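Participant: just need the structure, nothing else, for what follows:
(2 chains)
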Amino acid sequence: QKEVEQNSGPLSVPEGAIASLNCTYSDRGSQSFFWYRQYSGKSPELIMFIYSNGDKEDGRFTAQLNKASQYVSLLIRDSQPSDSATYLCAVKKGTGFQKLVFGTGTRLLVSP
Amino acid sequence: DAGVIQSPRHEVTEMGQEVTLRCKPISGHNSLFWYRQTMMRGLELLIYFNNNVPIDDSGMPEDRFSAKMPNASFSTLKIQPSEPRDSAVYFCASKNRVWGNEQFFGPGTRLTVL
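Facilitator: Residues are numbered from 1 along each chain as shown, chains lettered A, B, ... in the order given. As a prediction, this is how the structure comes out:
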């Protein structure tokens, strides 16, 4: 079992729809969760991070965390063609740790 | 401010040759990470340094790989000898260990070993 699992996609949504990206992790000791966006041929860039169970909102993005289910998701409201990219979920064990473990990413395609 | 700088951006070499990738972290950042990204395995951490000291090199695939950080503003990742399966994009990232959660990634080096 991989430490961080994501569906590779592609996930196709029409412009204006809500895109829902999901990630599961295996280590119950994980405490910090990150979503990175990576455009084709570019480097990853951080979108959001979340520590606590529940939802965290930032503009059109909402991260959701359920530690009991070992599940973290990213919702993108009012999806735009410019959101088309690969979204990487990353997990860190705790504040004393620096290492991020990444999933293989989900490719999102937003059609006009 | 300049971001993480990596060189070269592209490297094409022949099997058996030595390859050296270079990274300059963001000034003031004291943690540095080397990653490798392939289609099959995704983004994998190879090694990371805190204050120029290697902390975790468990991701280094084998003895052909070595990394150094002689000072706070420079790091190298060396592959000797290189093999075709080393072909990948290698990213360097840096972070301030004390504050902030974000690892800032460089543009990457695309390595092709023929």
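
Participant: tell me if stretch A:26-34 is near chain B.
Facilitator: Yes. Residues of stretch A:26-34 contacting chain B under C-beta under 8 Å from any C-beta of the partner chain: A:Ser32, A:Phe34. Glycine gets a C-beta too; all of them are placed from N, C-alpha and C.

Participant: between the two ends of that stretch, how far is it?
Facilitator: 15 Å (C-alpha to C-alpha, to the nearest Å).

Participant: in it, what counts as buried?
Facilitator: Neighbour counts over stretch A:26-34 (16 or more other C-beta atoms under 10 Å in any protein chain shown) mark A:Ser30, A:Gln31, A:Ser32, A:Phe33, A:Phe34 as buried.

Participant: end to end, how far does stretch A:90-110 reach?
Facilitator: Per C-alpha to C-alpha, stretch A:90-110 runs 23 Å from first to last residue.

Participant: just the pLDDT for residue 91.
Facilitator: In the absence of a named chain, this looks at chain A. The score at A:Val91 is 94. That number is its pLDDT.

Participant: that's the other chain; I wanted chain B
Facilitator: So, for B:Phe91, pLDDT stands at 98.

Participant: contacts only, for it.
Facilitator: B:Phe91 is in contact with A:Ser43, A:Pro44, B:Gln6, B:Trp34, B:Tyr35, B:Arg36, B:Gln37, B:Leu43, B:Phe105, B:Gly106, B:Gly108, B:Thr109, counting by C-beta atoms under 8 Å, 6 or more residues apart in numbering or on different chains.

Participant: need the buried ones from those residues selected in ChimeraX.
Facilitator: Restricted to buried positions by 16+ other C-beta under 10 Å, the ChimeraX selection for the contacts of B:Phe91 reads:
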select /A:43,44 /B:6,34,35,36,37,43,105,106,108,109
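
Participant: quick one, what contacts residue 70?
Facilitator: Going with chain A. A:Thr24, A:Tyr25, A:Ser26, A:Arg28, A:Ser30.

Participant: chain B, not that one
Facilitator: Here B:Pro70 is in contact with B:Asn52 (criterion: C-beta under 8 Å, 6+ apart).

Participant: likewise for A:Asn22?
Facilitator: A:Gln6, A:Asn7, A:Tyr71, A:Val72, A:Ser73, A:Thr106.

Participant: let me see the contact set for the first one.
Facilitator: Right, the one you point to is A:Gln6. Residues in contact with A:Gln6, defined by C-beta under 8 Å, 6+ apart, are A:Leu21, A:Asn22, A:Cys23, A:Tyr87, A:Leu88, A:Cys89, A:Gly103, A:Thr104, A:Gly105, A:Thr106.

Participant: now do it, the pLDDT please.
Facilitator: The predicted local confidence for A:Gln6 is 95.
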